[in-house]
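Peer 1: Dropping the sequence and predicted coords here.
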Amino acid sequence: MLGPLEAWHGGAEVPLGDLQQRYVLVVLLVNANRPMTPERITEIVWPDQPERKNLVRGYVNKLRKAFTEAGADDVMIATTPTGYVLRVDEDRIDTVRFDRLREQAARAVQDGDQRRAVELLREAVGLWRGRFVEDIDIDRVGGADVVFSDEGHHDAIGDLAELELVIGDHRSARDRMRRAVRTRPDHQKYAELLMRALIAGGDQVGAIKVFEAAGEALDRAGFEPGPLLRNLAERARRGEPVSSLPSRPGRFTGRADELAVIERAAAGTGERRAVWVSGAPGVGKTGLAIEAAHRLKRRFPDGQLLVRLNGFTPNVAPTSISDALTQLLTELGVPPEQIPDTVSRKTTLYQTQLYGTKTLVVLDNAVSPDQVRPLLPEAEGCFAVVTSRHMGEPDISAHVRLSPLPPADAFTLFTTLIDPFRVQGRSADVAGLVKRCGYLPMPINIAAALFRRHDRWSLDHLLGLIDENGAWQQDGTAAIRASFLQLDAAQQEAFQLFGQLPGPDVDVVGAAALLGHDIGVTRALLDDLHEVCLLEEVAPDRYQMLDALKEFASADPPPTQREALLRLLDFYLVTLAAAVGTAYPFDRAGQPSVDRTSPLALTFDDTADALTWLTAERDNLVAAVPYASEHGLAGHAWRVAVLVWRRFASAKRFRDWIDATELARQAVGADHYGQAHVLLRLATTHDRLGRHTEALELAAAALPLWVELGDVWGEAATLGAMAICTMQLGEHEKAMAQFETALRKYEECGDLRGQAHVLSHLGYLNEQHREYRTALRQQEAAVRIERSIGNRRGLAHALNNLGAIRQHLGELDEAIPAHVEAYEIASELGDSALIAYALTNIADAHRLAGRLTEAVRHHELATSVASGVDDADLRARLYRDRGLVAQDGRDHVTALRLFRSSLDVADATGNPTHRSHAEAGIARALHELGRHREAAAHWDVAEEVYAALDQPEAGEVRAERAGLACACGQR
């Protein structure tokens, strides 16, 4: 039936008779293995012509004869007491076979067998020869109620191409998606898959042409290409692969055997190919990895990425898996707003970006295999080089254990770094020098840099300095100490203070704050340290110290350490307050007071500059929180945590923030002002992550502190946070009262933004209980306030909610413009969550208007954008709304899967509203699939939860079930 109606048996086509006979057959097929009365068949095939009932028997007999003559004894039309039933193995009906193949493919993917999934989906897609019974008048076989939606076909095509890219068959994916794009030129997922296949095959120009064609098609529909398409186009235009490798190590010497091991491993085949390079500090692990990466560039033309994992960097916590994935995704060109929040979703996106590519990943300074495991590329064409002081795990494909350089290589390294004429005839002394450096590359480089800088020194003088700083040591610290002692007092202090830095690096202004000098003096000091290899300039005006050097520098802190670090923390705190105030002006009322000063603190003229600074200093700001907590600077710790929260909140990256803030919470002690701020931010964060009960407890603990402080704004904000949690937990009446109290508090302190925020939530609650006119007034009031104060973000939220009310009132022509305006504002702000909410609302409006194709397209856009957002409410909404579209399109298998996904989110968060909608959706999908006994349990739960929420849907579910004659209607 997936195309013109045909029947085949034993390789021969079975004649199905005239058109009327075919109508009868289709009715029996779509109701296979279920009895059909002649009256019901007549009603479907010949509406309003009951006298034609007598024709049914004749057509049934002709069909029986056709099956018998074809030898199709596995298909029969049996006579029942009430009529007829077509008995057949449903797997022989292409519509049923298609659904089952998709389900089997999904299970194969879950089991990690992508190749099996490809085989199954290829068979499923091959069943489609055209539209569902395209040669039959659908109104003569049941109308829209029996249409087998072709959306499932489109989904299967996309899933298949995705998996073909995963297994490296980009040619099949390319050919398949070319055909698909011709039929659906504005389908963004199709365009994305075709572009990825073309890029994987080296056809960047073709990929750009696909992007341009998709842009034209989307423009005709009033949309722009999404971030993923733009990212792919940018990758294609760059031509040159992404590379974050630093420059090649100067005059790299030796390590031929180790490089050969790495190159052999890179030339191998299979998944998760990697080499683990281990060894002592200063032995040259990073230098070897970078040299190898440069040599392997041609083998991995799609990109070379490097992430510093800070496994053994003093004063710096090892890079979290989440942060490492964020850096990798950013380097791969994924826009920040598209990067998910959870590690599992980041990992999935990261591996997806690598599939079909030949990319090299260098993971430098790992603390353990656990830190590295999720970062290792799974794609067959990719390779990783890991460096660590520890040995790797056994399943890494190759291991290299670095020892100190052979004496001859160490000798060669030193002589290539200096003017060889200065040591002519002194081979024995050079050999003694490199021995005193432990034959380690790092101290040899430092000794050579010292010798280069002092061009009047003799080799004897350098040897004497090293000997003065201790006997020969395996770690070569004598050479580092000798170089340190040649610094003047200001340079020595700068070197030692760099060893105390709480973050991984520092820019020149932060360094000036740390050192207590102006920018000019600071830059000169940094240049001096860089010249003698005691400091690395990792980017213009941004500096970093190698771990072994930082260990040496941090071992003997100068007496000025505390005041220097206090200056740096003051700089971070004051600049952070200015950046947050500029980037998020409507949140200034909630910012904590900052009573510190810094003469070097930055100010910002616009949002872009403020956000650029926040992004660049993110890791340093997060590291400053535990450092301040541990050093008795609780005021700095909690203020930095609370202020930097705004940046994490806008990016929906809450998990990266919680751990540091919990330390600040412990350090804040009896400071009720600090406690109140920290508890409020933690409450909001836990609520966004779906932890509503924990969030409510945190907000409840903050409320009496605000009351004690006499801070009306704090009371209002905390009451609002409590109300949101209470609403999510299903206590709508209590939440309504809390919102109303919060509204009065906001009115008391004159916070218009807060008033609009609460009014919008009150409108949402009234919408849930079908008080649509009241809800409409509240949402309109929220929109007016947000427009009057110029709060674009708040206006987008309010417009979305206003449009939803108009949908319920049947005012679809007024609803869509509200959602479109919300979408446009959200796009300007780069707020992924807002964009996704607006798009799914637009999709809902199209669904209600019967425009299912438009609804699907908008949901695809929303889902793509939402992949980078960790918002439990949004995920549940999207699953539910997409399920409703699939249900309206009679694709009940897809609907069931989506409603179940929505239920999973609802169960994880404890949100009864989402649970009730999901249970009802599951019940209806199971009913339509004929699985009535399974459906009954879900009907029961949906009715029970709706009733507990005192929502009118409870009565509607009861009435709907009462009209069902199957097990769904039984109690």
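Peer 2: Alright, I've got the coordinates. Numbers count the residues shown, from 1 in each chain.
Peer 1: I'd like the distance between D950 and E733.
Peer 2: 8 Å (CB to CB, to the nearest Å). Every residue, glycine included, has its C-beta placed from N, CA and C.
Peer 1: residues contacting the nearest residue to T95 once chain neighbours are set aside?
Peer 2: Of all residues not flanking T95 in the chain, F148 sits nearest, at 4.9 Å (CB to CB, 6 or more residues apart in numbering). By CB atoms under 8 Å, 6 or more residues apart in numbering, the contact set of F148 is M1, L2, T95, F132, R890, D891.
Peer 1: In PDB, could you pull the C-alpha coordinates for the helix or strand in which A942 is found?
Peer 2: Element membership for A942, per DSSP states H and E: helix 932-948. Below are the C-alpha coordinates for helix 932-948, written out as PDB (Å, rounded to 0.1, in the frame of the first residue of the first chain):
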ATOM      1  CA  HIS A 932      -6.200  -1.700  24.200                       C
ATOM      2  CA  ARG A 933      -5.200  -3.500  27.400                       C
ATOM      3  CA  GLU A 934      -1.900  -1.600  27.600                       C
ATOM      4  CA  ALA A 935      -3.800   1.600  26.800                       C
ATOM      5  CA  ALA A 936      -6.200   1.100  29.700                       C
ATOM      6  CA  ALA A 937      -3.500   1.500  32.400                       C
ATOM      7  CA  HIS A 938      -2.400   4.800  30.800                       C
ATOM      8  CA  TRP A 939      -6.000   6.100  30.500                       C
ATOM      9  CA  ASP A 940      -6.300   5.400  34.300                       C
ATOM     10  CA  VAL A 941      -3.200   7.300  35.200                       C
ATOM     11  CA  ALA A 942      -4.000  10.300  32.900                       C
ATOM     12  CA  GLU A 943      -7.500  10.600  34.400                       C
ATOM     13  CA  GLU A 944      -6.100  10.300  38.000                       C
ATOM     14  CA  VAL A 945      -3.500  13.000  37.500                       C
ATOM     15  CA  TYR A 946      -5.800  15.400  35.700                       C
ATOM     16  CA  ALA A 947      -8.300  15.000  38.600                       C
ATOM     17  CA  ALA A 948      -5.600  15.600  41.200                       C
END
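Peer 1: In that helix, which residues have enough neighbours to count as buried?
Peer 2: Along helix 932-948, these residues count as buried under the neighbour rule (16 or more other CB atoms under 10 Å): H932, E934, A935, A936, H938, W939, V941, A942, E943, V945, Y946.
Peer 1: How far does that helix sit from its chain's centre?
Peer 2: Taking CA atoms, centre = their mean, to the nearest Å, one finds helix 932-948 lying 33 Å from the centre of the chain it belongs to.
Peer 1: who touches it?
Peer 2: Identification of contacts with helix 932-948 by CB under 8 Å, 6+ apart yields 730, 912, 915-916, 919-920, 922-924, 926-927, 953-954, 957-958, 961, 966-968, 970-971.
Peer 1: Closest to the centroid, which residue in this structure?
Peer 2: Central residue of the chain (CA atoms, centre = their mean): P340, 1.7 Å from the mean position.
Peer 1: thought it was touching K346?
Peer 2: Yes - the pair P340 / K346 is scored as a contact, 5.1 Å apart, by CB atoms under 8 Å.
Peer 1: which residues do those two both contact?
Peer 2: If you check P340 and K346 against CB under 8 Å, 6+ apart, no residue is contacted by both.
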